[in-house]
Structures are given as C-alpha cells and as structure tokens.
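Engineer: 3D model of this:
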Amino acid sequence: MKHSLKAQMIAAFAGLVAVMIAVFLIVNIGFLERYYVSNKEHEFEDMYQALEEVDQKGIPQEGSEELENMNRLAEKKNISVLLVKSDWQGYYTTEYDAAFLLNWLRGCLFGKIDGEVLSQSDNYQILKSRNPMSKTEYIGMWGVFDSGDMFIMQSPLESIRDSVTLFNEFIAVVGGCLILLSVLVAWFFSRRITEPLTELATLSTKMADLDFEARYTRGGSNEIAVLGNNFNQMSEKLESTISDLKKANYELRRDIEQKERIASMQSEFLANVSHELKTPIALIQGYAEGLKEGISDDQESREFYCAVIMDEAGKMNRMVKNLLTLNQLEFGEDDMEFDRFDVVDLIRGVIGSSEILIGQKEAKVIFRQEEPVYVWADEFKVEQVVRNYFNNALNHLEGDHVIEIKIQTTESLARISVFNTGKPIPEEDIPHIWEKFYKVDKARTREYGGNGIGLSIVKAIMESFQKDYGVQNYDNGVEFWFELDMK
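Structural biologist: Just a heads-up that it's a prediction; the model follows:
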C-alpha cells in the first residue's frame, strides 16, 4: 500500500535516527575542535598556576614528589612543559628532548613564531601556531613569571583531529547499525499496530460492499481492539437493519412493478383487444343486419351468413380464452403442477388429435421417436407449447408440406423441436414474433383465424419454467424449439 502507516513509521524511526547521527557528525566535525581548544585553554591556565607554584619553590630535583606530580598532571592533560631559569642555566621539562620546546620558546621571545593569539595576560600568551617543518599545528602557552623564569607549554591539535576522524568513523558504523536496528524495531512495532488496522480496513471495505460476514478476530484490550469490537457490533446491527430494509424495499419495488405492469398491460390489453375485436365484431354485425333485413332470400346465402357469424364468433371466443390464459401466466396466477411424464406420448397425442387438420393441409408429419423420454414439467402447459408450435407449423406449410418433430437429449435436458417447410421468417421480424398480437403476415394470419397470441403464450410458459426456447430459420423452412429438464 502506497504511503502505508507501517512504511511511514519505519521511515520516521529510521529518519529520526539518521538525522540525529547526521547532526551529531556535523556538530562533531564543526564544533568539537573549537570546544577542545577552549577546554585546552583552561587546562593551560591550570598548568600555569601549578607551574608557577613549582617555580616559586625552585626547579624540583629529579625524583622528587613535586616533579612526579607535575609529570602526572602534564601527562594527564597531554601537555609538554618547559620551565627555564632566567639565566638559561637550569630548566625543567616533561619531555626527554627539550630542544624543540627550547627553540620554540626562543622563537616566541624574539617574535619569530607566527600564530593566532587565543588569549593573553601580562605574564603569558596562549596561541595556535603551526610548525613549519612538520606542518603540525599546536596550541601553546608561553610567558615569564614574576621571578623572571620563562616557560612554554604545548599540546598538538593533530591528536584531536585524528580522534574526531576516528570518532566520526565509529559513529558512522554505529549509526548504520542503529538505523538498521531502528528499522527492525519500527517494523516490529508498526506491524503490531498496522496489521489490526489493516484488518479493520478490510472489514470496513467489506461492510461498504454490504458483506457483513467478516468479523474482527484479533481480540485484545487496547484501543484498536475496542474499535474492532465496535466494528463487529456495527456490522451485526447494519446487517440486520439492511436485511429489513432490503426486504421492505423488495416488497415495495415488487408492488410498484406489479402495479406498473398491471397498468401497462391493462392499457395494452384494451388497445389490442379493441383492435383485434373490431374486425370480427364488424363482420358479425354486418352479416347479422343482412339476415335481419333479408338481403338474400335463398337458403344457401342465409347459411353462408350464419357460417360467417359463427366462424367470427368462434375466433373471438378462442382469442378471449387465449388472452385469459396469457393473463394468468403473465401475472403468475396460474398454478404450476410439476410432474414426471413421457413427452413422446404427449406429442403423439397432439398429432393424433390434429389428424383432421393434417389431412386438410395435406401435411406429412414425421416423428420417429420410439423410446419414451421422461421430463419434469407441468404436463398441461407443455401440451399447450407443443400444440401452439404444431398448429403454427400447419398454418405456415409450403413447399413439400413436411412437418418434422424431433427430440434431442443430453444428460439433463430434452430439446423438442418442430420444423415445417415453408418461407423463412424475415430476420427483422424474429425479435418481435413473441410479442402479443404481432403478425408477420397479417393477411395469412387472418386467413387461418390466428390472432398473434400463441407464441406469446409459449414465451410466458417457458419463462415460468425458466427454460430456453427459440426459433431457427433454414433455407427451406422454420424450426421452433424449447427445452425441458430430464432430472
């Protein structure tokens, strides 16, 4: 995760340690020498007082306690000391070879030593200078006591610089180890903090997606654990509340959709029925008025008039029955009775009951299935589907006048298809043939008494089964099909 809390904590810990080390190195490089020089000035002043006391008593003898004390003090403060009598005949020094200090003292007395004067008084001068031969810098003090005796003290600056360099290298190594250690410590503690937070973040994401199964499981008694327990309680309450809201929303939406669908279907129903009934009612009315007014007196004409009236009344009756059936299916008011039955036997029954129509249409019906095929469905509604497909095939026969019914089975499904030779359905009409009152060829539909409801009933039945159905064009005809469960 970019800019994660763990990464920020590790960066903060490591950065803090790195900054502290860097500041320490900068201070060490820039100010340690100055501090050392300042401190050394005080040490020189202490040595000056001690040396003055020694001078007042005279130059100590070799092996005396005063000499030993003076040597220890000089060694402790890393200061080379030279005390010379005013007549240059006697001297005291902490070094084995005092020639360098003696020459240095002469140079100071005669102004031959150049250097930076750090401080001075009437009796002494503290300065920082460089040895032109060795190129070594020294800090030193020289002067004359009230007795006339002369002294010089020196301490090299190179030692402190070497110490600073060595100390910086040591700090760099230790600092690297500290940074690594701080990263490990920060990673360990940040993990203890961020992992519960990450779990809470995941939990909040799932809650945002309305998944309330997840729970905070780490436990504990700190603030994060309290927050996790609150998350769990909130998740439970939200789950219960949203469940109630969803149920209420679903029922409300269902009621609204039902009302909208009822209103839409009522409007559509009235429009379609009024349109479809207009023609048969007009014919019935016209022929009835003709009979009443005695337009034709011969018996044959009156029988024709009566036949037309009866035919149109029969079409109206069939349409009303189909509409009632379709209305029950679309509103879910028609009870389903799922049974296991032999669809082969059902198809043979439909073919047998249509023998008169088959003879009238001079149709050749092919159905080769001999073995029973058992399916699970509402047998009465499946018969309606088969009968609608079969009657539709009879009414659109052309060419060889062949109707072929086939059953193809898989492990779990049976696919029943009804093919008839004739003209293929125009591609632009295929999406609409399942709509109520839609007719591809209105003149032909009127001729055989169709009303465009049969395929709508098929659609409603198959959708109530939640199974697939459809139509397939061929060069020599059309095939309608539907599927049923065998298990």
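
Engineer: tally of neighbours for residue 138?
Structural biologist: 20 (other C-beta atoms under 10 Å). Bear in mind the C-beta positions are built from the backbone N, C-alpha and C, glycine included.

Engineer: for it, which three-state class applies?
Structural biologist: The three-state label given to residue 138 by DSSP: H, G, I helix; E, B strand; the rest coil is strand.

Engineer: for the stretch 251-400 of the chain, which segments are assigned as strands?
Structural biologist: 338-342, 364-366, 374-378 (DSSP state E, counting those that start in this stretch).

Engineer: hey, which of the ones you listed is tucked in deepest?
Structural biologist: strand 374-378 (a mean of 19; mean count of other C-beta atoms under 10 Å).

Engineer: that strand to strand 338-342, inter-axis angle?
Structural biologist: Strand 374-378 and strand 338-342 are oriented at 140 degrees to each other (axes from the mean of the first three to the mean of the last three C-alpha atoms, to 10 degrees).

Engineer: so where's the stretch 251-400 of the chain shaky on pLDDT?
Structural biologist: Residue ranges of the stretch 251-400 of the chain with pLDDT under 70: 261-280, 282-283, 287, 294-297, 302, 308, 311-312, 314-335.

Engineer: out of the strands of the stretch 251-400 of the chain, which is closest to residue 352?
Structural biologist: When those are compared by C-beta to C-beta, strand 364-366 sits nearest residue 352, at 10.3 Å.

Engineer: show me the contacts for the spatially most distant residue from the centre of the chain.
Structural biologist: For the chain, the residue at maximal distance from the C-alpha centroid (C-alpha atoms, centre = their mean) is residue 87, at 95.2 Å. If you count contacts by C-beta atoms under 8 Å, 6 or more residues apart in numbering, residue 87 has none.

Engineer: and it, that one's in a helix?
Structural biologist: No - counting by three-state DSSP, residue 87 is not part of a helix but coil.

Engineer: now do it against residue 150, distance only.
Structural biologist: The spacing between residue 87 and residue 150, counted by C-beta to C-beta, to the nearest Å, is 11 Å.

Engineer: swap in residue 125?
Structural biologist: Distance, residue 125 to residue 150, using C-beta to C-beta: 12 Å.

Engineer: between these two, which contacts overlap?
Structural biologist: Joint contacts of residue 125 and residue 150 (C-beta under 8 Å, 6+ apart) are 142-143.

Engineer: more neighbours: those two, which one.
Structural biologist: Ranked by neighbour count (other C-beta under 10 Å), residue 125 and residue 150 place residue 150 first, with 22 against 16.

Engineer: I'd say that one and residue 105 touch.
Structural biologist: Yes - Residue 150 is in contact with residue 105 according to C-beta atoms under 8 Å; the separation is 6.1 Å.

Engineer: overlap in contacts, these two.
Structural biologist: Common neighbours of residue 150 and residue 105 (C-beta under 8 Å, 6+ apart) are 84, 142.

Engineer: residue 71 in helix, strand or coil?
Structural biologist: Going by three-state DSSP: residue 71 is helix.

Engineer: and the spatially most central residue of the chain, how far is that from residue 198?
Structural biologist: In the chain, the centroid-proximal residue (C-alpha atoms, centre = their mean) is residue 205; its distance is 8.8 Å. Distance of residue 205 to residue 198, given as C-beta to C-beta: 11 Å.

Engineer: swap in residue 228?
Structural biologist: Taken as C-beta to C-beta, the span from residue 228 to residue 198 is 12 Å.

Engineer: who has more neighbours out of these two?
Structural biologist: Legend: neighbour count by other C-beta under 10 Å for residue 228 and residue 198, higher for residue 228 (22 against 15).

Engineer: which parts of the stretch 251-400 of the chain are helices?
Structural biologist: 299-330, 343-353, 355-361, 379-395 (DSSP state H, counting those that start in this stretch).

Engineer: alpha carbons of stretch 337-351, as PDB, please.
Structural biologist: In PDB, the C-alpha atoms belonging to stretch 337-351 read as follows (Å, rounded to 0.1, in the frame of the first residue of the first chain):
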ATOM      1  CA  GLU A 337     -48.000 -28.700 -11.200                       C
ATOM      2  CA  PHE A 338     -44.600 -30.300 -11.900                       C
ATOM      3  CA  ASP A 339     -44.800 -34.000 -12.700                       C
ATOM      4  CA  ARG A 340     -42.600 -36.600 -14.400                       C
ATOM      5  CA  PHE A 341     -44.200 -37.700 -17.700                       C
ATOM      6  CA  ASP A 342     -43.400 -39.100 -21.100                       C
ATOM      7  CA  VAL A 343     -43.200 -36.200 -23.600                       C
ATOM      8  CA  VAL A 344     -43.100 -38.700 -26.500                       C
ATOM      9  CA  ASP A 345     -46.600 -39.900 -25.500                       C
ATOM     10  CA  LEU A 346     -47.700 -36.200 -25.200                       C
ATOM     11  CA  ILE A 347     -46.500 -35.400 -28.700                       C
ATOM     12  CA  ARG A 348     -48.200 -38.400 -30.200                       C
ATOM     13  CA  GLY A 349     -51.400 -37.300 -28.500                       C
ATOM     14  CA  VAL A 350     -51.200 -33.800 -30.100                       C
ATOM     15  CA  ILE A 351     -50.500 -35.300 -33.500                       C
END
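
Engineer: contacts for that stretch next, please.
Structural biologist: Under the contact criterion C-beta under 8 Å, 6+ apart, stretch 337-351 has outside partners 358, 365, 367, 369-380, 382-383, 386-387, 390, 405, 407, 414, 416, 484.

Engineer: now with 10 Å, please.
Structural biologist: With contacts defined as C-beta atoms under 10 Å, 6 or more residues apart in numbering, stretch 337-351 is touched by 358, 365, 367, 369-387, 389-391, 403, 405, 407, 414, 416, 418, 465, 484-487.

Engineer: mark which of the residues you listed are buried, thanks.
Structural biologist: With burial judged by 16 or more other C-beta atoms under 10 Å, the buried subset of the contacts of stretch 337-351 is 358, 365, 367, 369, 373, 375, 377-379, 381-387, 389-391, 403, 405, 407, 414, 416, 418, 465, 484, 486.

Engineer: and stretch 138-149, which residues are buried?
Structural biologist: 138-143, 145, 149.

Engineer: ok, those vs residue 170, which is closest?
Structural biologist: Nearest to residue 170 among the buried residues of stretch 138-149 is residue 139, at 24.2 Å by C-beta to C-beta.

Engineer: isn't that closest one right up against residue 125?
Structural biologist: No - counting by C-beta atoms under 10 Å, residue 139 sits too far from residue 125 to count as a contact (11.7 Å).

Engineer: intersection of neighbour lists for those two?
Structural biologist: 115, 118.

Engineer: what's the burial count for residue 471?
Structural biologist: Neighbour tally, residue 471, other C-beta under 10 Å: 17.
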